[in-house]
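*Asks:* sequence unknown, structure follows:
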């Protein structure tokens, strides 16, 4: 590891005073700065750290108004850029992320293999078998949506907040446009794709103790779905129509209308046959089936191109 690299850790804090001291104490010596962001915490996380933690690396930043986890992380990111930090690691203050893994997260960035690394709690089978089925199923669905919206098809566990990023990628991101709520991690991946950053998944094991999660599925389901649809539409427009126009663009332009026409025409004819009692002719069936088949083929070809187009050259090398 290059001793000249300035490594910093960002810790958003909200109701974590039972764990934050232990988290800070576990951060390895390779980290030169620790940004603790008190996101208008009702427990006074910032004041608690100031009174109980003597680590000289700690810098406390405080929000007068709660901005959400994304807003807290962005505050830390901006301070890191201001301090000319080379690599910024983000971990939570609730003790679920082992700070001793920080060298593993920054290694691919230092080596020039990645611009951004993130954790994956579902990589090892032995770490998954004890998880509730709904957690695994829900993460699989979220991961697929994130693959579509972000364009990083090899990633999993998109809501994992254990991340590291190089300053060149961080400086290229529109930080003020990032989602401020729990959609932050997924939105971050979408933004990284727009700057063509290379992202790595790193296996990790989460630590579950007595911490209380502030994340409720009922509250995030529709906002997450809406966010992924919006990001997918923007990414496709940026990459395939605004910045470039390729064979994949034509496949998408042909595939979507053909598929929609085939489905709508088929449904209309099906209801017409039910109401009249007259079976649809072979020609009518083919007029519905053929556009669906062709449309699906065009869309699958587009997705194959999109998977191949995943960023592979780090910004660190390009710039």
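*Replies:* Received it, and whenever you're ready, just let me know what you need. Every value quoted in this text rests on a predicted model; they were computed, and no experiment measured them. Residues are numbered from 1 along each chain as shown.
*Asks:* what is the neighbour count of residue 309?
*Replies:* Residues contacting residue 309 under the criterion other Cβ atoms under 10 Å number 17. The C-beta positions use only the backbone N, C-alpha and C, and glycine is treated the same way.
*Asks:* for residue 290, same thing?
*Replies:* Residue 290, neighbours per other Cβ under 10 Å, totals 12.
*Asks:* now it. Nearest residue, chain neighbours left out?
*Replies:* Among residues not flanking residue 290 along the chain, residue 262 sits closest, at 7.2 Å (Cβ to Cβ, 6 or more residues apart in numbering).
*Asks:* ramachandran coordinates for the one you found?
*Replies:* Main-chain dihedrals, residue 262, degrees, to the nearest 10: phi -60, psi -40.
*Asks:* tell me the contacts of the residue lying closest to residue 124 once chain neighbours are set aside?
*Replies:* Leaving aside its sequence neighbours, residue 124 sits nearest to residue 203 (Cβ to Cβ, 6+ apart; 5.8 Å). Contacts for residue 203 were tallied using Cβ atoms under 8 Å, 6 or more residues apart in numbering; they are 119, 120, 123, 124.
*Asks:* what's the answer for residue 202, then?
*Replies:* Counting by Cβ under 8 Å, 6+ apart, residue 202 touches 101, 104, 105, 108, 117, 118, 119, 120.
*Asks:* now do 7 Å
*Replies:* For residue 202, the contacting residues are 104, 105, 117, 118, 119, 120, by Cβ atoms under 7 Å, 6 or more residues apart in numbering.
*Asks:* likewise for residue 169?
*Replies:* Neighbour list for residue 169: 115, 116, 192, 195, 197, 315 [criterion: Cβ under 7 Å, 6+ apart].
*Asks:* the residue nearest to residue 112 when sequence neighbours are not counted: neighbouring residues, count only.
*Replies:* Nearest residue to residue 112 in three dimensions, chain neighbours excluded: residue 316, at 5.4 Å (Cβ to Cβ, 6+ apart). Under the neighbour criterion other Cβ under 10 Å, residue 316 is assigned a count of 19.
*Asks:* just residue 226 next, same as before
*Replies:* Neighbour tally, residue 226, other Cβ under 10 Å: 11.
*Asks:* swap in residue 153?
*Replies:* Other residues close to residue 153 by other Cβ under 10 Å number 15.
*Asks:* correct me if wrong: it contacts residue 147.
*Replies:* Yes - using Cβ atoms under 7 Å, residue 153 is in contact with residue 147, at 4.9 Å.
*Asks:* what about residue 12, which helix or strand?
*Replies:* Residue 12 belongs to strand 7-13 when assigned by DSSP states H and E.
*Asks:* quick one: buried residues of stretch 76-86?
*Replies:* Applying a neighbour-count criterion of 16 or more other Cβ atoms under 10 Å, one finds 76, 77, 79, 80, 85, 86 buried in stretch 76-86.
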